[in-house]
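Student: Give me a model of this one.
(chains A, B and C)
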Amino acid sequence: MTDALLKLEGLHKSFGALKATDGVDLTVMPGEIHALIGPNGAGKSTLIAQVAGSLKPDAGRVMLLGENVTTWPVARRARLGLGRTFQVSSLANGFSVLRNVMLALQARKTGAFGSWAGFWASVRRDEGLRAEALGVLDRVRLTLRAEDPVGALSHGERRLLEVGLALALSPRLLLLDEPMAGLGPEGTKELTAFLATLKHEAGMLLVEHDMDAVFALADRISVLVYGQIIATGTVEEIRASAAVREAYLGDHLHEKAGGA
Amino acid sequence: MGAALNREMLVNAALALLLLAAPLIAFALDEPFYVALASRVAILALAGVGLNLALGIGGMVSFGHAAFFGLGGYVAGIAALHAFEGSAFLVWPFEIGGSEHMLVICLVAMAVSAAVALAIGAISLRTTGVYFIMITLAFAQMIYYFAISLPTYGGEDGLSIYLRSGLPGIEADDPLTFFLVCYTLLLASLFCMHRLVDSRFGAALQCARMNPERLATLGIAPYPVKLTAFTLSAMVTGLAGALFAELNGFVSPSMLSWHLSGEIIIFVILGGVGRLFGPVAGAALFILLESFIGGWTDRWQLVLGLILLSVVLFARGGVVGLLAGRARHD
Amino acid sequence: MSAAFLIEQLLNGVQLGVMLFLMAAGLTLVFGVMGLINLAHGSLFMVGAFFCAWIAGETGSFWLGLGGGFLAAAAAGALVEILVIRRLYDRDHLDQVLATFALILIFSELMRWVFGDRPLYLDIPEALSGAVPLPGGGGYPAYRLAIIGVGLATAAGLYLLIAKTRLGMQIRAGESDREMIGALGVDIRTLYTAVFALGAALAGLAGGLVGALQSVQVGMGEPVLILAFVVIIIGGIGSIKGALLGAVLVGVTDTLGRVFLPQLFGLFLPASEASSVGSALSAMAIYLLMAAVLAFRPRGLFPVDA
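Tutor: Numbering: from 1, shown residues only, chains lettered A, B, ... in the order given. From the prediction side, this is the model:
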């Protein structure tokens, strides 16, 4: 049995009386896109935060690439191989697009310091790093925006940059937090197509509301309701599940299944 | 963007030349007072350069940098005292006496500042925002109260330095020579700062200021980066403090006061926070204002307060911002 | 060392604590509700002290002076809020620090201009100039006991204000969600001015009370301001409960530290060294206390999550 990229075992997290995460088990296998769906308030953000490392669970374990990372801080998990995008774009706003990517590459290769040269040698004039960064921007089709300040990017372009930054880390697992949010139909199609090409590079835990994207991309879907996973299965299984329909999708899925 | 770069470089070059020319002219006109004044500007600018690394580049609003300035000054004062008396500062576990060598004093001042900054930073940097500001202020106060309660080193009255320390082959007693030493150190530290900001470390530090969450997500923990920057920043300010004590021949506990911490922040803001030569412009402007306005009226502090208030409310880019435009985003 | 001496020192510590509470409460309230750090708070303490001393000197009545100082500080606070402070709510903390630092310079010079360089003196009112007998012998100054009383009464009053009145409800709502209360139709500008003036009034009250214990001079507010910062860091910025506990902790630690640390060191060091080491350490005692609290609770004892 191949080792899972990500394994959540019995995660619990409460805020006072509110049980945001109530015994969650979940795995992401290599080469798979595992989508996490659920109504608002289901606890998706809390779960993401526990996977990323910005929140410590009250109980349970987070296993990343075979390591128990439950107490590891965000930066350490990133170095292990976790790439993450944010629902609300979180970029280095004072830097250009290219500088953002160069920082990501620098982080993967030498960290903040590296050798003594890390305090002295110019990073802006590091041709090798620039070239590599342009390569990353090529992949997400932002080459033309390389020298522009982040503030000048459109919403969709910011999304792509986030994905580019995550890819620059050469991750084994991608954590994507509602990447389609705020994108129009064109943008969603493009990003969906792009993500589909990444499958063999990195497994993905994709949190999404956009059902078209989910059904197009996901190998497996887990449904989170009130902090609990009520169902996990393939697209067909989830679509067919009465429990899921009842808890979450209502007639929306039923129509899709009938009309598609 | 090329134009913006050239403008700022021109402004920087102009500032550097003005700061050199003024005392040379004063020397030629036999006005040693103005030579000493230029030294004062260079030294306070140096203190600001240190703070600028932490505050302008790193985004750490330290209201306690006077602690390092004062510690540097006390290193100079204590070294001079023990050298003069022939006594020892520390007898156990190994003997540490005084020193008359400026190089030694400067290095020790930087080392002491670094050690204290590591301790203060390690605790303070676990907090952010308002907490950080107040905690750095409080720790600086702690050092202040400690210094004035030690009668051996002058207590509230401070410590006199009878003999300025020396550099091999250089007449450091001569005002112009001393200015040139300070000026050289200022330019050297500006050059180092320039390289540092442009380096990988600098990029990580700037991201730690702009978006620490993003930095961590890329795999670099912000805390060690900030702590290193804080420590380096303290070393530069500590060096300035040692020079200041040498300049005045006196170490006053007011070098540790939070008013001074505030004033150093003022230089940096007046000149343009985060801009390389900002502290030079700010210190020069501050000293000029102090000299001229202080000459007319006793109410210099009132005028300073009003100017500062206006700058904060209406003119955030500082002098360099006014002259050279907005900083390159890159 | 007798029980009476210990009790006397403890009471001194509590009295210092209570006075710090008056300062810290205003500071923490302003931060909790408006998110603003105000370095000029010590200047309002000074304004209260000056007006109290001046009015008491002119009218011969301490009580009129105290009331006058309280009102003068409140007025100064309201004026400063309208002219300067309200432009700072949306700014970052560095801007707030610098602007309020500028206000310190301005206030100090203004006071110096109006009242001159020499300190003013304020006499303890006749009614409170005696001593109250302590268990174990000796007496404790009635005035200091009265200060403790005033402080505790203020703490109770603040509690009632915040928990039981409409203004208090608006304050509590403002602390949790600044944007919402505007949307709910609360007049934010007046609320903020009122909160700021309230904090200033408390500082002015503290200044007036302390004015009788030490001389009134420019700059007297600054050591107190720093102590107040230490108090709210320990107590948790935004928490009145934390301010009270922190204030008493700081007051007692500082007072007992100054008295007993040199004696403690005297047990195993020669007298002169014990005195200097002891007094140096006692000067640092409250900062060491602060560092110790922060080591376990980086956001203070009762952090308010805003």
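Student: Excluding covalently adjacent residues, which one is nearest to residue 59?
Tutor: Since you didn't name a chain, this refers to chain A. residue A:12 (4.2 Å; CB to CB, 6 or more residues apart in numbering or on different chains). The C-beta positions use only the backbone N, C-alpha and C, and glycine is treated the same way.
Student: You answered for a different chain; I wanted chain C.
Tutor: Leaving aside its sequence neighbours, residue C:59 sits nearest to residue C:65 (CB to CB, 6+ apart; 7.1 Å).
Student: do residue A:177 as well
Tutor: In space, and not counting its chain neighbours, residue A:177 is closest to residue A:87: 4.4 Å by CB to CB, 6+ apart.
Student: Next, count neighbours for the one you found.
Tutor: The tally of other residues near residue A:87 (other CB atoms under 10 Å in any protein chain shown) stands at 16.
Student: how close does it get to residue A:57?
Tutor: 20 Å (CB to CB, to the nearest Å).
Student: what does residue A:8 give?
Tutor: Relative to residue A:57, residue A:8 is positioned 9 Å away (CB to CB).
Student: what do those two both touch?
Tutor: residue A:50 (CB atoms under 8 Å, 6 or more residues apart in numbering or on different chains).
Student: which parts of the stretch 151-300 of chain C sit against chain B?
Tutor: Contacts of the stretch 151-300 of chain C with chain B, taken as CB under 8 Å from any CB of the partner chain, map to C:222, C:226, C:229-230, C:232-233, C:237, C:276, C:279-280, C:283-284, C:287-288, C:290-291, C:294-295, C:298-299.
Student: and if we set it to 10 Å?
Tutor: Those residues of the stretch 151-300 of chain C that sit near chain B, judged by CB under 10 Å from any CB of the partner chain, are C:219, C:222-223, C:225-230, C:232-234, C:236-238, C:272, C:275-288, C:290-292, C:294-295, C:298-300.
Student: tell me, how many neighbours does residue A:48 end up with?
Tutor: Other residues near residue A:48 number 21, with proximity taken as other CB under 10 Å.
Student: which phi and psi does it have?
Tutor: Here the main-chain torsion angles of residue A:48 (degrees, to the nearest 10) amount to phi -60, psi -50.
Student: now the helix or strand residue B:15 falls within, how far from the centre of its chain.
Tutor: Per DSSP states H and E, residue B:15 falls inside helix B:2-28. Taking CA atoms, centre = their mean, to the nearest Å, one finds helix B:2-28 lying 20 Å from the centre of the chain it belongs to.
Student: Show me what counts as buried in the following helix or strand past that helix.
Tutor: With elements assigned by DSSP H and E, the helix or strand that comes after helix B:2-28 is helix B:32-52. The neighbour-count check on helix B:32-52 (16 or more other CB atoms under 10 Å in any protein chain shown) flags B:34-52 as buried.
Student: show me the residues around residue 45 that make contact.
Tutor: Assuming you mean chain A. A:20, A:55, A:87, A:177-178, A:207 (CB atoms under 10 Å, 6 or more residues apart in numbering or on different chains).
Student: I was after chain C.
Tutor: Counting by CB under 10 Å, 6+ apart, residue C:45 makes contact with C:19, C:22-23, C:26, C:69, C:73, C:200, C:202-208, C:210-211, C:220-222, C:224-225, C:228.
Student: So it, which state does it fall into?
Tutor: Classification of residue C:45 by DSSP: H, G, I helix; E, B strand; the rest coil places it in helix.
Student: Check what pLDDT it gets.
Tutor: The pLDDT attached to residue C:45 in the predicted structure is 96.
Student: Setting aside sequence neighbours, what's the nearest residue to the most centrally placed residue in chain B?
Tutor: In chain B, the residue lying closest to the centroid (CA atoms, centre = their mean) is residue B:47, at 0.9 Å. Excluding its sequence neighbours, the residue lying closest to residue B:47 (CB to CB, 6+ apart) is residue B:240, at 3.8 Å.
Student: tell me which residues of the host helix or strand of that neighbour are tucked away?
Tutor: Element membership of residue B:240 [criterion: DSSP H and E] is helix B:222-248. By neighbour count on 16+ other CB under 10 Å, the buried set for helix B:222-248 is B:222-248.
Student: before we move on, what SS does residue B:273 have?
Tutor: coil.
Student: What separation do you get for it and chain C?
Tutor: Computed as CB to the nearest CB, to the nearest Å, the residue B:273 to chain C distance reads 8 Å.
Student: where do the helices sit along the chain?
Tutor: Chain wasn't specified; assuming chain A. With DSSP state H as the criterion, chain A has helices at A:44-52, A:74-80, A:97-109, A:127-139, A:155-168, A:185-196, A:211-217, A:235-240, A:242-244, A:251-259.
Student: wait, I meant chain B there
Tutor: Using DSSP H, helices in chain B cover B:2-28, B:32-52, B:66-85, B:102-124, B:129-148, B:175-198, B:200-210, B:212-217, B:222-248, B:258-271, B:278-296, B:300-314, B:318-324.
Student: any idea which of those helices scores lowest on pLDDT?
Tutor: helix B:318-324 (a mean of 73).
Student: Would you mind pulling the contact partners of it?
Tutor: By CB under 10 Å, 6+ apart, the list of residues contacting helix B:318-324 reads B:4-12, B:14-15, B:56, B:267-282, B:284-285, B:311, B:315, B:317, B:327.
Student: One more pass at 6 Å, please.
Tutor: Helix B:318-324 is contacted from outside by B:7-8, B:11, B:270-272, B:275, B:278, B:281, using CB atoms under 6 Å, 6 or more residues apart in numbering or on different chains.
Student: Poorly predicted segments of chain C, please.
Tutor: Within chain C, the stretches with pLDDT under 70 are C:1, C:136, C:178-179, C:305-306.
Student: Recalculate using a threshold of 80.
Tutor: Along chain C, segments meeting pLDDT under 80 span C:1-4, C:128, C:134-138, C:167, C:171-187, C:263, C:265-280, C:283, C:304-306.
Student: cool, and chain A?
Tutor: Low-confidence segments of chain A (pLDDT under 80): A:1-2, A:40-41, A:111-118, A:245-260.
Student: Got the domain ranges for it?
Tutor: Domain assignment for chain A, taken from automatic domain parsing, gives A:1-81+A:172-260, A:92-170.
Student: Which of these sits closest to residue C:38?
Tutor: Each of the domains of chain A has some distance to residue C:38 by CB to CB; the shortest is domain A:92-170, at 28.7 Å.
Student: quick one: secondary structure of residue C:269?
Tutor: Secondary structure, three-state DSSP: residue C:269 is coil.
Student: Understood, closing this out.
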